[in-house]
Each structure stands twice: as C-alpha cells, then as structure tokens.
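# Sequence and predicted model, in that order:
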Amino acid sequence: MDKPKKSVRRKTSGVTIDEVAALAGVSPMTVSRAINQGKVRDATRERVMRAVRELGYTPNLAASSLAAAQHTRIALIYTNPSGAYLRELLVGLLRVASNAAIQLVVDYWDDLDPAAERKAARALAGRVDGVILPPPLCESQPAVTELVRAGIPVVAIAPGHLGNAISCVRIDDLQAGKELAEHLIQQGHSRIGFIRGRNDLSASARRYDGFVSALQDAGLQVDPGLVQQGDYTYRSGLAAAEKLLSHRRPPTAIFASNDDMGAAAISVAHRRGLEVPRDLSVVGFDDTSAATTVWPELTTIHQPIASMADAAIDILLRAIRRKPDEARVLTDHVMPHRLVVRDSVAHPPKR
C-alpha cells in the first residue's frame, strides 16, 4: 500500500486550508470555524491558529464568498426513526450546515417499499450533491444502490459496520453493548431482560451480541424467554416490557436497545407498582433527550449524535469536492462512546 505523501510546507499565500487542517490534526471545516470565530474548543482554536502562523496561511475571502454562494445541497432522508434521535441529529446537521454555507434538504420517506425507495432515490439524485442516511435507512440497499449508481456521495449514520458501497459514521455498538451489560452484572444482576432493536439493522444485532458476550464472560446463560423484540419505538418498548415483566421469573434488570424503549420499560414498571431502581433496574442506549425526560433518568450509552452529523458532512464535502481523477475512498469513521451512569440502576432486590 502506498504511503500518503507528506505535505510540503510553503510560506506563500498558496497554502491551502487542507494543509492547515493536516498540520493541526483537525478537519478543514474546523479550521474554517476557528478562523471565523465559530464554535470550537479553545484548545482546538489555539492549535489551528498555531498551524496558520507556522504555514503563513492567508484566507482567501473572495474564494470563501464564492464557495458560500454555491450552496452545496445535502439531503437528509428519514423514515419513522426515534423522535428523540432525529431531533438531535437535525440540530447537529443544521448547525454544521449553517457554518459551512450548506443547504440542507430534508426528505421524508413514509415506509416506502423497495421499488418506491429506488424511484425516490433516483428523483433525489437529480437535485442534491450528497445524501445522509440515518437509521433505519442507513442500510437500505435499494436507496444506496440507486444513489451510488447516480454518482451521488452518500454517508450512513450509525450502521453496525462499514458496507462495501458508502462511507459511514458510527460507534462500536458491540463494545458499547458489552460495557452496558457489564455494568448491570457488576451491580449483581444475573437475570437480565433484553429488548432488541429493529431486525433489519446490523447495529441492533451488534448491541445484542455485546450483551451476550458480557453474559458469557461472566458465566451466565442467556434465557431466550428474557429476550423480546422491539423496533426502537416507545410503543414497541411497552409491549416488550410487559412480556418481560409477565414472565414467571421476571428479570431484575432490563437492557433496552435505545432510550425510547428504555423509557417505555420504566413506564410499565411504574404501572405495575414497581419502583425503579429498587425493584427493577433499566438501561437504555444512545443518550437522547428521552433518557433525561423520564424518572428516574436512564443509565445509557452516549452516542455523540451531533458530532456524528459534523463528521458525516465533512466526509460528504470531501467526496463532493473530489477531483475527477481521484479514486473514490470509503471512510469508516468510528467515534468514541461512553457509559453514562444515572439513577435507573441499583443492586437487585433480595428475594
């Protein structure tokens, strides 16, 4: 594999923003925000300005104005996702789009069948420069196939793994699922119920695989009766939690594959007269607003949704501005996650 060429330092006005970004270890978009007094961390701004001074970079105001006038159009396509997840993603995308002079096009595909998805993708390809696919469309083969065939750069947000056709921004769902299950086990739980996410998303499977891995490492068996199917909606969480808590030997903890279903599990527990976490511990996933609008607030995995939006647009802009003779490169951008411990987990009750 050829090694990338080292950038050559130049002390003329020919220095590019990409060279500044490479020296500072940030994206060109971050360099632009730092120079134009946008929202970046102080340490990042200092690193960028140090690179600016070292390279002798002078922003080309005329070129910046021209770029802003071009209004690159990027589409976000969504269909029936978690409402809390979509809100956080939209806020992140709108903020980045505003800073980068991008026109964001929001398109709603209401449970389209594969043929309708292909038709909608072909129509969209003629009026945008790039596309962002959040769950559950991040792994829609009909949409991806049509958009790639049309030569439109596409980035999937939160798939379980990198596909063979488009770039993606994600977290390590398997490791995150394992860490969350380990937290419950460390608190003393051995009968843990699990509410799965959508069957058509690889991220759902990887969260479950992480859960199973944690139980196996602790010498615990997975009880099939304590695994229920959900689809990331609050309503599906209600139905799954009812089944789990109606089991002849109900679990002492429930692992829900997203916060909406975790909030639903808490609601079912309250309706049954159970106190969370004294009688039942519950955890969610994603750390959306749903995690903090329930009582008690959910222990969960923080997925940096707004930062993922930033990274997705950065990847898209690089692909859109790629020269015709440059090879197309797929990016697998894995972002860090973290366990957020709140008040929904405690030691299991004594029987």
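Nice, thanks for sending it over.

# Please count neighbours and contacts with C-alpha atoms only from this point.
Noted.

# and Ile301, what are its bridge partners?
Ile301 forms beta bridges with Leu339, as assigned by DSSP bridges.

# can you tell me which residues contact it?
Counting by C-alpha atoms under 8 Å, 6 or more residues apart in numbering, Ile301 touches 176, 180, 284-287, 337-340.

# In helices, which of these fall?
176, 180 (DSSP state H).

# Spatially, which two of the contacts of Ile301 are the most separated?
With C-alpha to C-alpha as the measure, no two of those lie farther apart than Gly284 and His337, at 13.7 Å.

# All the strands of the stretch 201-350 of the chain, in order from the start?
Counting by DSSP state E, counting those that start in this stretch, the segments of the stretch 201-350 of the chain that form strands are 227-229, 253-256, 281-283, 300-302, 332-334, 338-340.

# Residues contacting the first one, please?
Defining contact as C-alpha under 8 Å, 6+ apart, one finds that strand 227-229 is touched by 193-198, 236, 240, 243-244.

# Could you chop the chain up by domain?
Domain assignment for the chain, taken from automatic domain parsing, gives 71-171+304-320, 173-302.

# tell me the most buried of the ones you listed?
domain 173-302 (a mean of 21; mean count of other C-alpha atoms under 10 Å).

# hmm, back to that, between the contacts of Ile301, which is nearest Arg149?
Asp286 (32.3 Å).

# need the contacts of Ile301 in a markdown table with pLDDT, can you?
A markdown table is the format used below for those (pLDDT from 0 to 100):
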| residue | pLDDT |
| --- | --- |
| Ala176 | 97 |
| Leu180 | 98 |
| Gly284 | 98 |
| Phe285 | 97 |
| Asp286 | 94 |
| Asp287 | 94 |
| His337 | 95 |
| Arg338 | 96 |
| Leu339 | 98 |
| Val340 | 98 |
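
# Of the contacts of Ile301, which is the nearest to Ala21?
Distances from Ala21 to the contacts of Ile301, taken by C-alpha to C-alpha, are shortest for His337, at 24.2 Å.

# Okay, helices next: where are they in the stretch 151-300 of the chain?
Counting by DSSP state H, counting those that start in this stretch, one finds helices in the stretch 151-300 of the chain at the ranges 173-186, 202-217, 234-245, 259-271.

# So which of those helices is nearest Arg149?
Once these are compared by C-alpha to C-alpha, helix 202-217 is nearest, at 23.2 Å.

# Give me the residue ranges of the stretch 151-300 of the chain where confidence is low.
Across the stretch 151-300 of the chain, not a single residue meets the criterion (pLDDT under 70).

# Arg170 contacts Ile157, correct?
Yes. If you go by C-alpha atoms under 8 Å, Arg170 and Ile157 touch, sitting 6.0 Å apart.

# ok, back up a step: any idea which of the helices of the stretch 151-300 of the chain gets closest to Ile132?
Between Ile132 and these, the tightest spacing by C-alpha to C-alpha is seen for helix 202-217, at 17.0 Å.

# So what touches the closest one?
158-161, 173-182, 185, 194, 196-199, 221-222, 257.

# just the angle between that helix and helix 173-186, please?
Counting by axes from the mean of the first three to the mean of the last three C-alpha atoms, to 10 degrees, helix 202-217 lies at 40 degrees to helix 173-186.

# centre of the chain versus helix 202-217, how much separation?
Helix 202-217 sits 18 Å away from the centroid of its parent chain (C-alpha atoms, centre = their mean, to the nearest Å).

# wait, isn't Pro28 in contact with Ile35?
No. Using C-alpha under 8 Å, Pro28 is not in contact with Ile35, being 10.6 Å away.

# quick one, which of those two is more surrounded?
Using other C-alpha atoms under 10 Å as the criterion, Pro28 and Ile35 rank with Pro28 on top: 20 against 14.

# gap between that one and Ala312?
Per C-alpha to C-alpha, to the nearest Å, Pro28 is found 13 Å from Ala312.

# And Phe194, by the same measure?
From Phe194 to Ala312 the distance is 30 Å (C-alpha to C-alpha).

# Kindly report the same for Ala256.
For Ala256, the distance to Ala312 - C-alpha to C-alpha - is 26 Å.
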